[in-house]
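In: everything below, folded, please.
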Amino acid sequence: MLDAVVKKTVTTVEVDPRDLYCPTGIEVVPGARYRFEAEGKWKDAWITCGPEGWPGLLLEAWNRLPWRRVFLLCGTVGKNLQRAFPVGEGCEWTAPAEVAGWDDRQLYFFANDWPNKYDNNRPLPSEQGGPLRVTVTRLS
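Out: Okay, the predicted model is just below:
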């Protein structure tokens, strides 16, 4: 019996920090391993930063992913914060087997911010270091 061959796929997504859930068009496969690599900048009110966000100390308590940096790039499967995980400049992540039973298996990205503060978030043009882009590579 032959083993199934997994084709390595690469997708680059521009993440808009105004979106609570920025869609990628990528349907996550249960048990698959992914690599995320992010670059570029975005703006939170008057603070410009990259995918690692900025340290907000006590402000971090009210972020969508609490006690993680403000404006940290995060991902989630479906529009469900219980499934959210930090990405930052990059990481590798394995999709849990439970994904198979979820109705929405799309990968979304978001800037880790207070839920009611997305109105002051801004993408940046290339001359200001933007936009923030994530390259998603399916490894297995």
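In: please count neighbours and contacts with C-alpha atoms only from this point.
Out: Noted.
In: low-confidence stretches in this protein?
Out: Counting by pLDDT under 70, the chain contains low-confidence ranges at 1-7.
In: where along it do the strands fall?
Out: Along the chain, counting by DSSP state E, strands occupy 9-14, 22-27, 33-39, 42-44, 47-49, 73-77, 85-86, 90-94, 106-111, 121-123, 133-138.
In: and residue 133, what does it touch?
Out: Residue 133 sits next to 12-15, 38-40 when contact means CA atoms under 8 Å, 6 or more residues apart in numbering.
In: take these and write them to CSV, including neighbour count and distance to residue 106.
Out: Shown next, in CSV, are the contacts of residue 133 (neighbours: other CA atoms under 10 Å; distance: CA to CA, whole Å):
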residue, neighbour count, distance to residue 106
12, 14, 15
13, 18, 13
14, 19, 15
15, 24, 15
38, 23, 18
39, 19, 21
40, 21, 23
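In: could you dump the residues you listed into JSON lines and include distance to residue 26?
Out: JSON lines is the format used below for the contacts of residue 133 (distance: CA to CA, whole Å):
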{"residue": "12", "distance to residue 26": "10"}
{"residue": "13", "distance to residue 26": "10"}
{"residue": "14", "distance to residue 26": "13"}
{"residue": "15", "distance to residue 26": "14"}
{"residue": "38", "distance to residue 26": "16"}
{"residue": "39", "distance to residue 26": "19"}
{"residue": "40", "distance to residue 26": "21"}
